[in-house]
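Enquirer: coordinates only, no sequence provided:
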């Protein structure tokens, strides 16, 4: 994927001022979490029941928060706007936004312990507002940037042989995401261990997998072509990628599906109440063909509890066509259509939300920062050239979101 003040008297378009607005109880919780750094192992939220309520989710990226105050503000704004599920990003590219024993701290937090545990704070602040908190992880990416990481513990150095390589042994160039090779069993085991640490150590309501595919959007090379991967493929099929390109694609697809299976089995064993979901391509056929993401197979095997198609259509009609495609699949689990707010007008967003609701009752907004300003480390809002566009969406879209939330609550009583 490519970011309300407390009290019922505030309008959905209100811009929150500072941390002081959240009251002594919230401040006390956050200060305790920040100074003691305890892990969140309390009860999970009930969240949307799925049988009787709609999922009204919002993606919160790793760039949207740098402090406990910002996290509390995110939760309060989201609650007041009418969202009930927070997809809270805690892993972007092999670094962590929680106290991990496996991966180093994220560069976005200074590459070191920031003095608080973002995921623990998010769980507490979401649950005290009745929101479901799903930990959002980018699965396959191992690094992102034009330069290598500064931290030598990072996967880029610690497991350099796990990354995509071409037939000459050269690594995928820096610039966008540098990806791990899911064809290696040890890579799959490692990624499962990362996600196990999250669901076992924190009272999250869900685990949301993103980039659970071959993220080859900008790649011009057919990765991976290293000798070990080719030997594994030959051992399994007795052929080569050039001789059998369709089998090569099918084999790589199966490696991704095996990773999903492994995660599913781990969650069932370690935290059976946690709902497992994935952000997937808006067209299952295209996602299979281009990214070796076999969503149909995942659904047939019951590997997910929810599925989030990234239906980032530029037009209402295209959004309708994609939604109808998913309805025809009859997946048997909630289909939460992703609606792109970033760079879109209210005239596009509102009809798409209504279409998502008419097809499956569920939708997810991408993303928080398309609606709300971020907060700096001093608790001040950060305005930029997109601030007026955000204000327009708050004025024209959030009232509709708020009404949908109210109508859902009244219909389920």
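Expert: Done, it's in. Because the structure is a prediction, the values reported are computed rather than measured.

Enquirer: got the buried residues for stretch 250-270?
Expert: Within stretch 250-270, the residues that count as buried by 16 or more other CB atoms under 10 Å are 251-257, 259-264, 266-267. From N, CA and C alone the C-beta is placed, and that goes for glycine too.

Enquirer: what lies in contact with it?
Expert: Surrounding stretch 250-270, the residues in contact under the criterion CB atoms under 8 Å, 6 or more residues apart in numbering are 139, 182-183, 188-189, 191-192, 195-196, 199-200, 207, 209, 212-214, 233, 236-237, 274, 276, 278, 288, 292-294, 297-298, 301, 303-304.

Enquirer: which of the buried residues of stretch 250-270 fall in helices?
Expert: 251-257, 259-264, 266-267 (DSSP state H).

Enquirer: of these, just say which sits nearest to residue 337.
Expert: residue 260 (20.4 Å; CB to CB).

Enquirer: so how far is residue 178 from that closest one?
Expert: In this view, residue 260 and residue 178 are 21 Å apart by CB to CB, to the nearest Å.

Enquirer: next one: residue 307
Expert: For residue 307 relative to residue 178 (CB to CB), the value is 27 Å.

Enquirer: how many neighbouring residues does residue 360 have?
Expert: 21 (other CB atoms under 10 Å).

Enquirer: which non-adjacent residue is nearest it?
Expert: residue 335 (4.5 Å; CB to CB, 6 or more residues apart in numbering).

Enquirer: doesn't residue 310 make contact with that neighbour?
Expert: No - between residue 335 and residue 310 there is no contact under CB atoms under 8 Å: 12.0 Å.

Enquirer: more neighbours: which of those two?
Expert: Using other CB under 10 Å as the criterion, residue 335 and residue 310 rank with residue 335 on top: 25 against 22.

Enquirer: how much space is there between that one and residue 325?
Expert: 10 Å.

Enquirer: shared neighbours of these two, anything?
Expert: Residues touching both residue 335 and residue 325 (CB under 8 Å, 6+ apart): none.

Enquirer: mind listing the helices for the chain?
Expert: 23-36, 68-81, 118-127, 155-158, 185-201, 227-237, 245-270, 284-291, 295-300, 316-329, 346-360, 387-396, 398-411.

Enquirer: looking at those, which is closest to residue 373?
Expert: helix 387-396 (6.3 Å).

Enquirer: got the buried residues for that closest one?
Expert: 389, 390, 391, 393, 394.

Enquirer: check the gap between the third one and residue 72 for me.
Expert: Looking back up the chat, that one is residue 391. The gap separating residue 391 from residue 72 is 22 Å, by CB to CB.

Enquirer: what does the first one give?
Expert: Plainly put, residue 389 is 25 Å away from residue 72 if you go by CB to CB.

Enquirer: go on, the last one?
Expert: Distance from residue 394 to residue 72, counting by CB to CB: 19 Å.

Enquirer: next: the second one.
Expert: Here the distance between residue 390 and residue 72 works out to 19 Å (CB to CB).
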